[in-house]
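In: curious how this folds, go ahead:
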Amino acid sequence: MNEYESRDQIIRSMGFPTYRDYLQSKLWRGIRQRALLRTQFKCVKCHGRAWEVHHTEYSRLVLEGKMIRTLMPVCRICHQLLEEDKKQRLEVEIEDWKPVPRPKRARAITMKSRRRAS
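Out: Predicted coordinates for the structure are as follows:
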């Protein structure tokens with residue numbers, strides 16, 4: 001049984017027909033909020049604004065909200081990268097994650113900034 005089949009079995013035993021139903025539940029909203037507050041809504045990978053939470057494991061304790069330390073608050077881009085890594089079976093422990101600085105945004109060139117440069 002793979003991790004998703006195991007997760008779905010736990011989810012069903014908790015009374016949710018699907019993982020999607022679980023993610024839309026009041027239970028998950030509370031767990032998600034606690035995880036995001038733990039890092040003050042900062043992505044654990046890039047320190048940007050985190051709106052999503054990545055499961056590093058799907059144990060019953062995590063899914064019931066009794067253990068949230070393995071839930072990683074992340075921004076959408078970092079979450080997509082984590083999911084791609086997961087698909088490639090790259091397993092990374094939460095302690096191994098080192099923040100990667102976001103690239104600086106290019107400064108918009110305005111007439112004012114051109115005059116200053118002259």
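In: doesn't Pro73 fall inside a helix?
Out: No: if the criterion is DSSP: H, G, I helix; E, B strand; the rest coil, then Pro73 is strand and not within a helix.
In: would you confirm that it contacts Thr39?
Out: Yes: if you go by C-beta atoms under 8 Å, Pro73 and Thr39 touch, sitting 4.7 Å apart. All C-beta spots, glycine's among them, are computed from the backbone N, C-alpha and C.
In: so which residues of this structure form strands?
Out: Taking DSSP state E, the strands of the chain run over residues 52-55, 71-74.
In: deepest of those, which one?
Out: Highest mean neighbour count among the strands of the chain (mean count of other C-beta atoms under 10 Å): strand 71-74, with a mean of 24.
In: partner strands of that strand and their direction?
Out: Sheet pairing here is set by DSSP bridges, and for strand 71-74 it gives strand 52-55 (antiparallel).
In: overlap in contacts, Pro73 and Thr39.
Out: Listed contacts common to Pro73 and Thr39 are Ala50; contacts here mean C-beta atoms under 8 Å, 6 or more residues apart in numbering.
In: which helix or strand in this protein has the lowest average pLDDT?
Out: helix 111-117 (a mean of 51; mean pLDDT, DSSP states H and E).
In: can I assume Lys45 is in contact with Cys78?
Out: Yes: applying C-beta under 8 Å, one finds Lys45 in contact with Cys78, separated by 4.1 Å.
In: check which residues of stretch 17-27 are buried.
Out: 19, 22, 27 (16 or more other C-beta atoms under 10 Å).
In: and that stretch, average pLDDT?
Out: Model confidence over stretch 17-27, given as mean pLDDT, is 96.
In: first-to-last residue distance for that stretch?
Out: 14 Å (C-alpha to C-alpha, to the nearest Å).
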